[in-house]
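Peer 1: Generate a structure from the sequence data that follows.
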Amino acid sequence: MDVAVLFSGGKDSTYSVYVAREMGLNVRFLVTLFPEREDSWMFHYPTVKVTSFQAEAMGIHHLTGATRGEKERELEDLKRLLKSIRGEVGGVVSGAIESFYQKSRIDRVCSSLGLKSIAPLWHRDPETLLREEINRGFKILITGVFAQGFSEDWLGRTVDNQCVDELKKLNRKFGVHLCGEGGEYETLVVDSPLFRRKLRVLEFKKHWRGNHGLIEILRVSLEEKMAELKGNQSA
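Peer 2: Okay, here's the model as predicted:
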């Protein structure tokens, strides 16, 4: 089946592309809505404009649109975007894990368009999923933190197994979801087995607001993966 993937550039939507291909689905489109406000109910905000570089790195057509990010109205913006490719795909893949709010609304939009809603990560164990993404070569940066327990030094941090251990402590103390499913933190994938080239963040700025913050990426580039390997060989 040809499918479109709802794509924020974060770990779970990117991993959904990977899993969809493992399921034998043909990912024709990455679909990204750019919200005009940070507190969109449905769509990823920090670093979402970097998704064009990720789409290029994966060699997948990128379909984009804008939304004001207003509750429920943003679903109409998604519907209009998906309607434009309804004749080219049979399903829509999302990276929902536990958010019934998001999944139920995606299901509703897909049903109205006659498309199958596919959520390959739905109800996966959060710790197992997060470590699986790491172990399969997904290089993930934390780009926003919005919950009690986080500090400014989490911004820009690489998600590795030590990071997961610390997230478990935040989960026990403050109830932070390990995968950030409640919006506790946001991420950006800079490399993965899907990428023909990897992202390099050249310049960024932190915006910290007392108890939460995000990263604004100012400049990125795509670089060949073989460049690093060749450098190591010649050393």
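Peer 1: Domain ranges for this structure, per the record?
Peer 2: Per the record, the chain has its domains at 2-118, 126-228, by automatic domain parsing.
Peer 1: Dump those domains to CSV, plus mean pLDDT and mean neighbour count.
Peer 2: Every residue, glycine included, has its C-beta placed from N, CA and C. Below are those laid out as CSV (pLDDT from 0 to 100; neighbours: other C-beta atoms under 10 Å):
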stretch, mean pLDDT, mean neighbour count
domain 2-118, 88, 19
domain 126-228, 94, 17
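Peer 1: Residue 115 touches residue 88, doesn't it?
Peer 2: No. When contacts are counted by C-beta atoms under 8 Å, residue 115 is not listed as touching residue 88 (10.7 Å).
Peer 1: What segments of the chain are strands?
Peer 2: Residue ranges of the strands in the chain, as given by DSSP state E, are 2-6, 26-35, 61-67, 91-93, 116-118, 139-145, 185-191, 197-208, 213-224.
Peer 1: export those strands to CSV and tack on distance to residue 151?
Peer 2: Formatted as CSV, these follow (distance: least, C-beta to C-beta, whole Å):
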stretch, distance to residue 151
strand 2-6, 30
strand 26-35, 25
strand 61-67, 31
strand 91-93, 34
strand 116-118, 37
strand 139-145, 8
strand 185-191, 12
strand 197-208, 9
strand 213-224, 9
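Peer 1: List the residues that contact the nearest residue to residue 131 once chain neighbours are set aside.
Peer 2: Computed as C-beta to C-beta, 6 or more residues apart in numbering, the closest residue to residue 131 that is not its neighbour in sequence is residue 164, at 6.0 Å. Shown in contact with residue 164 (C-beta atoms under 8 Å, 6 or more residues apart in numbering): 127, 130, 131, 134, 178.
Peer 1: and the gap between residue 164 and residue 32?
Peer 2: 27 Å (C-beta to C-beta, to the nearest Å).
Peer 1: pretty sure residue 18 is in contact with residue 195, am I right?
Peer 2: No. In this structure residue 18 lies outside contact range of residue 195 using C-beta under 8 Å: 10.5 Å.
Peer 1: The nearest residue to residue 110 once chain neighbours are set aside pairs with what?
Peer 2: The shortest distance from residue 110 to any non-neighbouring residue, by C-beta to C-beta, 6+ apart, is to residue 117 (4.0 Å). Beta-bridge partners recorded for residue 117 (DSSP bridges): residue 92.
Peer 1: Tell me who's in contact with residue 117.
Peer 2: Residue 117 sits in contact with 91, 92, 94, 103, 106, 107, 110, 111, where contact means C-beta under 8 Å, 6+ apart.
Peer 1: Also residue 126?
Peer 2: Residues in contact with residue 126 (C-beta under 8 Å, 6+ apart) are 97, 98, 177, 178, 179, 181.
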